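Novice: Please work out how this folds:
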Amino acid sequence: MTKKNDKMNINEIMAMFVAYIQQEMEYTEMKIKAMKEWEIDDSKEVSISEDSQPSFGETFSKEWL
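Specialist: Numbering: from 1, shown residues only. Sure thing, here's the model as predicted:
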């Protein structure tokens, strides 16, 4: 084997890199589109607590007793 066969051709490497970047751009574009479709028009955000037991402040608890 010659040295030329031992190394990948720079054109092959660049073609693989370009194909990879194009796929990444398409994937990112799909993710952005999906996020925009699911975006709520309301400016309020909803947050869900991951606590197993909800905890309320002392003032809040007194209001409901």
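
Novice: and the helix or strand that contains residue 33, which residues are buried?
Specialist: Residue 33 belongs to helix 10-38 when assigned by DSSP states H and E. Buried residues in helix 10-38, counted by 16 or more other CB atoms under 10 Å: none are found. For every residue, glycine as well, the C-beta is placed using N, CA and C.

Novice: mind showing which ranges of the protein have poor pLDDT?
Specialist: For the chain, residues meeting the criterion pLDDT under 70 lie at 1-6, 40-49, 51-57, 60-65.

Novice: how about a cut-off of 80?
Specialist: 1-8, 39-65 (pLDDT under 80).

Novice: for the helix holding residue 33, packing partners?
Specialist: Contact partners of helix 10-38 among helices and strands, from 3 or more CB pairs under 8 Å, 6 or more residues apart in numbering; DSSP states H and E: none.

Novice: Residue 37 versus residue 26, what's the distance?
Specialist: Here residue 26 is placed at a distance of 17 Å from residue 37 (CB to CB, to the nearest Å).

Novice: could you list every residue that touches residue 21?
Specialist: Residue 21 is in contact with no residue at all, counting by CB atoms under 8 Å, 6 or more residues apart in numbering.

Novice: Check the gap between residue 50 and residue 35 for me.
Specialist: Residue 50 is 22 Å from residue 35, by CB to CB.

Novice: Equivalent analysis for residue 10, please.
Specialist: Distance from residue 10 to residue 35, by CB to CB: 37 Å.

Novice: cool, and residue 25?
Specialist: 16 Å.

Novice: again, but for residue 12
Specialist: 35 Å.

Novice: Equivalent analysis for residue 15, please.
Specialist: 31 Å.

Novice: What of residue 20?
Specialist: In terms of CB to CB, residue 20 sits 23 Å off from residue 35.

Novice: and what of residue 28?
Specialist: From residue 28 to residue 35 the distance is 11 Å (CB to CB).

Novice: swap in residue 8?
Specialist: 37 Å.
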